[in-house]
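K.L.:
Predicted structure and sequence below. I'll ask about it afterward.
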Amino acid sequence: MLDRNILLALYARLSESYGPQHWWPAQTPFEVMLGAILTQNTAWKNVERAVDNLREASSLNLPMLLQLDVNVLAELIRPSGYYKLKAQRLKNLCAWLEKMGGMEKLSVLQTTELRDSLLSVNGVGPETADDILLYAFDRPVFVIDTYTRRLLQRLNLITGDEDYDLLRAAFESALGADYRLFNEYHALIVRHAKQKCSLAENSSADTCNHCYVETGNSVFKPLEKAR
DNA sequence: TACCAGGAGAAAA
DNA sequence: TTTTCTCATGGT
């Protein structure tokens, strides 16, 4: 479904444009897990405020979060939006982590088993689970988010309404199981999505010169201007 | 003022 | 089974 050479050419173009991204922006795997919940449909800036509040309250660890009252937790993470909902989701994730025996026990599970277990937690959907698998557990799982769909859609590589797991499998099949590549690739897609294209912004042009991707025998159509 | 941001789950159709 | 609704703060 997705061509390996085209995906590698796109990666090369993004990498040349933006350089190393050093993802995930967190200090520990546990912090990655919390951030994955907090960033659901939310700007990362607001997630940082919530994480800062947790750190200042010495609550950026499993024992504290387990005993913290859900309403107190909600107030701490308020800047991230959906704060009552996300407070309960963080509680669910922490309870699951405790039940499963902690990060060490989880790290020996097979990826599919770990993924299924994550998806059993209320509040952890496919993208959140894959964020955690890739960035907290170094598993070769490709994260599909709205940015990924938008970029591939503009390159006319997908229609945009493909099933999540189908699209994820297409990336993994085309690129092979390489968690370091997946880590950087997704980070670059997000980086690119946040880029304000000077060409598109400063002229009447409806294309972005970051987004031409040339391969040996094909050239992508340029991306359409962001809406 | 209106729209958007690194989704997910429940309810309705 | 598929579509629609709800959750919410902060920036532009």
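P.N.:
Looks like it came in fine.
K.L.:
Could you measure from residue A:176 over to residue A:152?
P.N.:
Separation of residue A:176 from residue A:152 (C-beta to C-beta, to the nearest Å) stands at 18 Å. C-beta coordinates here come from the backbone N, C-alpha and C atoms, glycine included.
K.L.:
Contact partners for whichever residue of chain A sits closest to DNA strand C?
P.N.:
In chain A, the residue that lies nearest DNA strand C is residue A:81 (2.7 Å; C-beta to the nearest atom of the strand). By C-beta atoms under 8 Å, 6 or more residues apart in numbering, the residues touching residue A:81 are A:41, A:42, A:46.
K.L.:
On the three-state scheme, the last one is what?
P.N.:
Residue A:46 carries the three-state label helix when classified by DSSP: H, G, I helix; E, B strand; the rest coil.
K.L.:
Would you check that it makes contact with residue A:79?
P.N.:
Yes - counting by C-beta atoms under 8 Å, residue A:79 is a contact partner of residue A:46 at 5.0 Å.
K.L.:
near DNA strand C, which residues of chain A show up?
P.N.:
Taking C-beta under 7 Å from any atom of the strand as the criterion, chain A approaches DNA strand C at residues A:41-43, A:45-46, A:49, A:78-86.
K.L.:
count of residues packed around residue A:122?
P.N.:
Neighbours of residue A:122 under the rule other C-beta atoms under 10 Å: 11.
K.L.:
Not counting its neighbours along the chain, what's nearest it?
P.N.:
Of all residues not flanking residue A:122 in the chain, residue A:92 sits nearest, at 5.2 Å (C-beta to C-beta, 6 or more residues apart in numbering).
K.L.:
Look up how far DNA strand B lies from that neighbour.
P.N.:
8 Å (C-beta to the nearest atom of the strand, to the nearest Å).
K.L.:
Check residue A:76 too.
P.N.:
Residue A:76 sits at a distance of 18 Å from DNA strand B (criterion: C-beta to the nearest atom of the strand).
K.L.:
Identify the residues contacting that residue.
P.N.:
Applying C-beta under 8 Å, 6+ apart, we find residue A:76 in contact with A:50, A:53, A:54, A:57, A:59.
K.L.:
before we move on, back to that, and the residue nearest to residue A:122, how many neighbours does it have?
P.N.:
Neighbours around residue A:92, by other C-beta under 10 Å: 16.
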